[in-house]
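1. the amino acid sequence is not available; the structure is as follows:
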């Protein structure tokens with residue numbers, strides 16, 4: 001069995017897109033045309049780092065190795081399930097060796113459970129997140145109790161750098177620290193939030209917490225994840241607190257105000273992702289009526 005990995009060229013669009021067929025069945029012609037246009041219009045860093053995995057003349061897999069500081073993100077990973085057993089281990093070995101030339105850690109975000117055995121066998125560390133949601137139809141607006149000396153204001157687009165600083169500091173020493181320990185990566189994630197890449201960011205209803213000196217000490221950022229589908233789903237994109245303010249009720253106060261804001265803005269549902277095993281956070285969210293929905297998201301990380 002000969003497995004080769006080659007850069008994906010503009011002419012490889014059909015091979016690239018064909019590797020999605022086994023995941024979702026037949027696609028509508030309009031959707032295929034849209035995906036083809038996206039492939040051809042990909043940003044330079046994506047286009048130059050796309051790779052196809054070949055067995056002879058057959059494309060059996062694909063991926064993007066996207067560099068972000070000292071981190072390399074494995075994106076758009078697909079491997080035909082028919083080749084898991086015979087080629088999976090070799091493919092992962094080749095991908096890891098290629099990533100080692102570009103960074104210190106390889107991160108795989110939001111991958112399907114199908115791929116977990118491949119990544120775990122290659123010694124990736126994995127965390128599992130689940131969705132938690134609640135309807136806002138029955139929510140009664142709640143008063144908030146802020147710690148002394150703290151005030152809340154709406155987020156602004158010029159808060160991007162401050163939000164990145166808080167996120168970077170917040171995850172140090174936490175359950176998810178390995179996945180957010182590169183400052184450039186965190187800046188990239190916050191830029192994606194503020195740039196509407198994850199959802200339609202809603203700064204007017206998101207929150208920045210400030211101390212008496214006007215220093216930002218926390219944030220809760222959310223966006224509309226379902227507006228285009230008529231769902232009006234308010235989705236929390238980040239909650240970060242300065243270390244000195246943890247355990248003092250600030251997180252609970254921000255969450256209360258955020259849900260109040262979401263209901264007032266006519267959102268129908270409020271939701272977020274939480275890491276399985278982060279019991280304090282899960283307990284807090286349950287106290288607000290959020291419940292796990294069982295849709296899991298897997299993330300994996302390997303130090304190179």
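-> Arrived safely, thanks for sending. Remember, predicted model here, so these are calculated numbers, not experimental data.
2. and the strands in the stretch 1-150 of the chain?
-> With DSSP state E, counting those that start in this stretch as the criterion, the stretch 1-150 of the chain has strands at 3-7, 50-55, 58-68, 71-79, 105-111, 125-135.
3. TSV for these, including mean neighbour count and mean pLDDT?
-> (Glycine included, C-beta is placed from N, CA and C.) Output for the strands of the stretch 1-150 of the chain, formatted as TSV (neighbours: other Cβ atoms under 10 Å; pLDDT from 0 to 100):
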stretch	mean neighbour count	mean pLDDT
strand 3-7	13	96
strand 50-55	20	97
strand 58-68	19	95
strand 71-79	21	94
strand 105-111	19	89
strand 125-135	16	93
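4. and of the ones you listed, who's closest to residue 238?
-> Among these, the nearest to residue 238 by Cβ to Cβ is strand 125-135 (13.4 Å).
5. how far off centre is the closest one?
-> Put simply, strand 125-135 sits 11 Å off its chain's centre (Cα atoms, centre = their mean, to the nearest Å).
6. and what of stretch 113-131?
-> So, by Cα atoms, centre = their mean, the centroid of stretch 113-131 is 15 Å from its chain's centroid.
7. do stretch 34-51 as well
-> Taking Cα atoms, centre = their mean, one finds the center of stretch 34-51 at 20 Å from the center of the full chain.
8. now do stretch 240-255
-> On Cα atoms, centre = their mean, the centre of stretch 240-255 falls 22 Å from that of its chain.
9. with stretch 146-156 instead?
-> 26 Å.
10. now do the same end-to-end measure for it.
-> 21 Å (Cα to Cα, to the nearest Å).
11. format the strands of the stretch 1-150 of the chain as JSON lines; extra columns: distance to residue 224.
-> Listed next are those as JSON lines, based on distance: least, Cβ to Cβ, whole Å:
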{"stretch": "strand 3-7", "distance to residue 224": "37"}
{"stretch": "strand 50-55", "distance to residue 224": "30"}
{"stretch": "strand 58-68", "distance to residue 224": "26"}
{"stretch": "strand 71-79", "distance to residue 224": "24"}
{"stretch": "strand 105-111", "distance to residue 224": "19"}
{"stretch": "strand 125-135", "distance to residue 224": "14"}
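12. and the ones you listed: which comes nearest residue 285?
-> strand 125-135 (5.0 Å).
13. just want the angle from that closest one to strand 105-111.
-> 30 degrees (axes from the mean of the first three to the mean of the last three Cα atoms, to 10 degrees).
14. next helix or strand past strand 125-135?
-> strand 151-154 (DSSP states H and E).
15. counting by contacts, list what that following strand packs against.
-> Judged by 3 or more Cβ pairs under 8 Å, 6 or more residues apart in numbering; DSSP states H and E, strand 151-154 is in contact with strand 207-210, helix 250-264.
16. as a markdown table, these with distance to residue 9 and mean neighbour count would be great.
-> Shown next, in a markdown table, are the helices and strands packed on strand 151-154 (distance: least, Cβ to Cβ, whole Å; neighbours: other Cβ atoms under 10 Å):
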| stretch | distance to residue 9 | mean neighbour count |
| --- | --- | --- |
| strand 207-210 | 45 | 22 |
| helix 250-264 | 45 | 21 |
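17. might you report the residue contacts of the residue nearest to residue 263 when sequence neighbours are not counted?
-> Residue nearest to residue 263 in three dimensions, not counting chain neighbours: residue 136, with 4.5 Å by Cβ to Cβ, 6 or more residues apart in numbering. By Cβ atoms under 8 Å, 6 or more residues apart in numbering, residue 136 lies in contact with 234, 259, 262, 263, 267, 268, 269, 270.
18. give me the neighbour count for residue 85.
-> Other residues lying near residue 85 total 8 when counted by other Cβ atoms under 10 Å.
19. got any ranges where this structure has weak pLDDT?
-> 1, 21-28, 175, 227-230 (pLDDT under 70).
20. and the longest helix for it?
-> helix 84-100 (DSSP state H).
21. out of the helices and strands packed on strand 151-154, nearest to residue 88?
-> Closest to residue 88 of these is helix 250-264 (Cβ to Cβ; 40.7 Å).
22. now the angle between strand 125-135 and the closest one, please.
-> For helix 250-264 against strand 125-135, the angle by the same axes, to 10 degrees is 50 degrees.
23. following element in sequence after helix 250-264, please.
-> Taking DSSP H and E, what comes next after helix 250-264 is strand 269-275.
24. farthest pair in the contacts of residue 136?
-> Using Cβ to Cβ, the contacts of residue 136 span at most 12.3 Å, a distance reached by 259 and 268.
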